[in-house]
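Visitor: Sequence plus predicted model, see below.
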Amino acid sequence: MRKKIVAGNWKMNLDYAAGISVFSEIVNMVKDEKNGSQDVVICAPFIHLNSLSKLGGETVKIGAQNCHQNESGAFTGEISAGMIKSVGCEYVLIGHSERRQYFAETDALLAEKTVIALKNNLIPIFCIGETLDERNNGSYFEVIKSQLENGLFSLDAESFSKIIVAYEPVWAIGTGLTASSDQAQEVHAFIRKEISEKYSMAIADATSILYGGSCNPKNADELFAQKDIDGGLIGGASLKSRDFMDIIKAFNS
């Protein structure tokens, strides 16, 4: 049975003190209120990772928002996968739409980052998704297929089995727009079909696919009830402990 996961992405928010405060609230709420086997992950800015990994323990897992594609070297301002692992992280986001858009990260580069993350025993949460233009012109399946093929499908089956996929329709990130549950399910089912055709139905059935695109306490129940949606990659709502906890609990409602 594939893992259910709710992962928060704080993006470039919360200074050190504020991050500790919000995270402590989340940890206490998860301990008191979570009723289920779903994993809870927070992907935080680099300044938080060491402290949060100690505070979270087994209750809330920690992930980074990015890593460099090289093990080490003269790359001022960058962070390696090994460094991330050394402070207690278990996960790393790769290919978030903001990295693709603002930092011109290509599928080829993201494939390199995925390999280095796996080499350092990090679990990649690999993000894919279409823009509004691609949604409107009907090319979104081709876009998503290309992102899978160029970013992930060079992995062997054993390596791919360690990947978490996050579908994030770019047009629904931070806009207040949300894919309907039917739209989201359609794409999640398509992703699972592509995985099954590349690898096997067993690997496809075991791959967790998360929805990321303005998921909030009001729509999480309906989204998480879909057959192929295994959780969420949560942006703004993960900065508010009560909202984030209500999304985590949506699996139980």
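Guide: Nice, thanks for sending it over. Residues are numbered from 1 along each chain as shown.

Visitor: Tell me which residues of the lowest-mean-pLDDT helix or strand in the chain come out buried.
Guide: Ranked by mean pLDDT, DSSP states H and E, the helix or strand of the chain with the weakest confidence is helix 132-136, at a mean of 90. Using 16 or more other CB atoms under 10 Å as the test for burial, helix 132-136 gives 134-135. Just so you know, the C-beta spots here come from the backbone N, C-alpha and C atoms, and that holds for glycine as well.

Visitor: List the contacts of that helix.
Guide: Applying CB atoms under 8 Å, 6 or more residues apart in numbering, the set of residues contacting helix 132-136 from outside is 140, 143, 169-171.

Visitor: how about the residue located most distally from the centre of the chain, secondary structure?
Guide: Most distant from the centre of the chain: residue 74, at 28.3 Å, with distances by CA atoms, centre = their mean. The three-state assignment at residue 74 reads coil, by DSSP: H, G, I helix; E, B strand; the rest coil.

Visitor: In contact with it, which residues?
Guide: By CB under 8 Å, 6+ apart, the contact list for residue 74 is empty.

Visitor: pLDDT wise, what is it at?
Guide: For residue 74, the pLDDT comes out at 98.

Visitor: From residue 86, how far off is it?
Guide: Separation of residue 74 from residue 86 (CB to CB, to the nearest Å) stands at 20 Å.

Visitor: do the same with residue 12
Guide: Counting by CB to CB, the separation of residue 12 from residue 86 is 22 Å.

Visitor: higher neighbour count, the two?
Guide: Taking other CB atoms under 10 Å, residue 12 and residue 86 do not tie; residue 86 has more neighbours (12 against 7).

Visitor: Check which residues of the helix or strand hosting residue 51 are buried.
Guide: In this assignment (DSSP states H and E), residue 51 forms part of helix 49-56. By 16+ other CB under 10 Å, the buried positions in helix 49-56 come out as 49, 51-53, 55-56.

Visitor: Kindly reformat these as a markdown table containing pLDDT and distance to residue 147.
Guide: Output for those, formatted as a markdown table (pLDDT from 0 to 100; distance: CB to CB, whole Å):
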| residue | pLDDT | distance to residue 147 |
| --- | --- | --- |
| 49 | 98 | 27 |
| 51 | 98 | 33 |
| 52 | 98 | 29 |
| 53 | 97 | 30 |
| 55 | 97 | 34 |
| 56 | 96 | 30 |
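
Visitor: and these as TSV, adding distance to residue 247?
Guide: TSV is the format used below for these (distance: CB to CB, whole Å):
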residue	distance to residue 247
49	22
51	23
52	19
53	22
55	20
56	17
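
Visitor: All the strands of the stretch 51-200 of the chain, residue numbers only.
Guide: For the stretch 51-200 of the chain, strands defined by DSSP state E, counting those that start in this stretch occupy the ranges 61-64, 91-94, 123-128, 164-167.

Visitor: Just send the ones you listed back as TSV, with mean neighbour count too.
Guide: Below are the strands of the stretch 51-200 of the chain laid out as TSV (neighbours: other CB atoms under 10 Å):
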stretch	mean neighbour count
strand 61-64	24
strand 91-94	27
strand 123-128	26
strand 164-167	26
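
Visitor: Now render those strands as TSV, adding distance to residue 31.
Guide: Listed next are the strands of the stretch 51-200 of the chain as TSV, based on distance: least, CB to CB, whole Å:
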stretch	distance to residue 31
strand 61-64	14
strand 91-94	20
strand 123-128	23
strand 164-167	24
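
Visitor: what about the ones you listed, which gets the closest to residue 103?
Guide: Closest to residue 103 of the strands of the stretch 51-200 of the chain, according to CB to CB: strand 91-94, at 12.3 Å.
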